[in-house]
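Undergrad: Okay, here's the prediction I keep looking at, along with the sequence it came from:
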Amino acid sequence: MPHLTRRRFLTISAAAGLCGLATSLPGSVAAAADSLTTWRGTALGAETRITFAHPQGDRLMRSVRAELERLEAIFSLYRTDSALARLNRDGQLSAPPQELVDCLGIAGAIHRATEGAFDLTIQPLWATYAAAHASGRKPSDDDIATALQRVGWSGVDIDTQVIRLNRSGAALTLNGIAQGYIADRIAALLQSEGLTEVMINTGELRALGGQPGGRDWDVTLAGNRGSTRLRDLALATSAPLGTAFDQGGTTGHILDPRTGRPAAAGWTQVSVTAPSAAVADGLSTAFCLMSRTAIETALTWVTGARIVDLA
């Protein structure tokens, strides 16, 4: 299949984690499987698989792996030396990486569009739920009220020189946006190399162009709830009970920063497309907490975003 090399076809796919997304690759790619290179690893704790065909494949693989490692050193919540971990530990971060500033800027815009449903300062509340359920109980009303005193986007100051968390005990989590942001960054890297037909899956999908041959990328939604097509678009899916704090699977991981309670809007799954995977990621998380009317209002503030599945 020489056209795969000429047109610089690259596919990057990752285990979908909570999103459970699957990309339907064209038959021509499967037929050329023996000419593809595959790398398996992790990014932000998610199993990752990268498969591509390119005349300079080894160099591209090294570049992508280096970029994933660099971004992990910024965004990981669990690496003690990451930029995010240092910000949470010290309450401020001088000379922050530009990628962290950019990501927090996107998060702030989503926070405003969703009237506070999306809020990265949710981490103290999330930790409270996790600790309570680890000890075999639910968090008390007092536990939740105490955690909420540390939550609030207005307590975050973002500048290219320093990022500050102004509430005592405040901390950020980038769950709900970082996987999408990383997909966008990898897309930018590959586009700078001249690639025009790319599918990236870091748990969120980001399509750069369409498939080789001109077709859109065909994507099966989580739970086999139909399909959609992507071309220069991203897709993210969130599910309130995709991960639960309790063994019974009744207390979901998506918490409302305004109430301190798990998602109560009644949705089991939300899928969003947008030009940016970071935006789609953040919106799909927030929409799990919002009514249909509130979702439709939020979408009027985000160019190119739309709901493709709301169940």
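TA: Perfect, I can see it now.
Undergrad: Give the burial count for the residue lying closest to residue 159 once chain neighbours are set aside, as a bare number.
TA: Spatial nearest neighbour of residue 159, chain neighbours left out: residue 101 (7.8 Å); criterion: Cβ to Cβ, 6 or more residues apart in numbering. Yep, even glycine has a C-beta here, placed from its N, CA and C like the rest. Look at residue 101: counted by other Cβ atoms under 10 Å, it has 15 neighbours.
Undergrad: Equivalent analysis for the one 5 residues further on, please.
TA: If you count neighbours by other Cβ under 10 Å, residue 106 ends up with 18.
Undergrad: mind showing which ranges of the stretch 151-300 of the chain have poor pLDDT?
TA: In the predicted model of the stretch 151-300 of the chain, no residue satisfies pLDDT under 70.
Undergrad: Could you pull out the strands in it for me?
TA: 156-158, 162-165, 197-201, 205-208, 217-220, 227-230, 234-238, 270-274 (DSSP state E, counting those that start in this stretch).
Undergrad: got the angle between the last one and strand 234-238?
TA: For strand 270-274 against strand 234-238, the angle by axes from the mean of the first three to the mean of the last three Cα atoms, to 10 degrees is 160 degrees.
Undergrad: mind listing what strand 270-274 pairs with, with the direction of each?
TA: Its sheet considered, strand 270-274 pairs with strand 234-238 (antiparallel), strand 306-310 (antiparallel) by DSSP bridges.
Undergrad: Give me whichever of those strands is most buried.
TA: Of those, the one with the most neighbours on average (mean count of other Cβ atoms under 10 Å) is strand 234-238, at a mean of 28.
Undergrad: would you list every one of the helices in the stretch 101-250 of the chain?
TA: 123-134, 141-148, 178-192 (DSSP state H, counting those that start in this stretch).
Undergrad: which one of those is the most hemmed in?
TA: Using mean count of other Cβ under 10 Å, helix 178-192 ranks as the most buried of the helices of the stretch 101-250 of the chain, with a mean of 23.
Undergrad: From the chain's centroid, how far away is that helix?
TA: Distance of helix 178-192 from the chain centroid (Cα atoms, centre = their mean, to the nearest Å) equals 11 Å.
Undergrad: List the contacts of that helix.
TA: 10, 12, 17, 43-44, 46, 60, 63-64, 67-68, 71, 75, 99, 102-103, 106, 174, 198, 200-206, 208, 234, 236, 276-282 (Cβ atoms under 8 Å, 6 or more residues apart in numbering).
Undergrad: Show me which of these are buried.
TA: Among these, those scoring as buried are 10, 12, 17, 43-44, 46, 60, 63-64, 67-68, 71, 75, 99, 103, 106, 174, 198, 200-206, 208, 234, 236, 276-282 (criterion: 16 or more other Cβ atoms under 10 Å).
Undergrad: re earlier: JSON lines for the helices of the stretch 101-250 of the chain, including distance to residue 227?
TA: Listed next are the helices of the stretch 101-250 of the chain as JSON lines, based on distance: least, Cβ to Cβ, whole Å:
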{"stretch": "helix 123-134", "distance to residue 227": "32"}
{"stretch": "helix 141-148", "distance to residue 227": "39"}
{"stretch": "helix 178-192", "distance to residue 227": "19"}
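Undergrad: for the ones you listed, which one sits closest to residue 301?
TA: Closest approach to residue 301 among those (Cβ to Cβ): helix 178-192, 17.8 Å.
Undergrad: got TSV for the strands of the stretch 151-300 of the chain, with distance to residue 181 too?
TA: Formatted as TSV, the strands of the stretch 151-300 of the chain follow (distance: least, Cβ to Cβ, whole Å):
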stretch	distance to residue 181
strand 156-158	15
strand 162-165	16
strand 197-201	12
strand 205-208	10
strand 217-220	20
strand 227-230	18
strand 234-238	11
strand 270-274	12
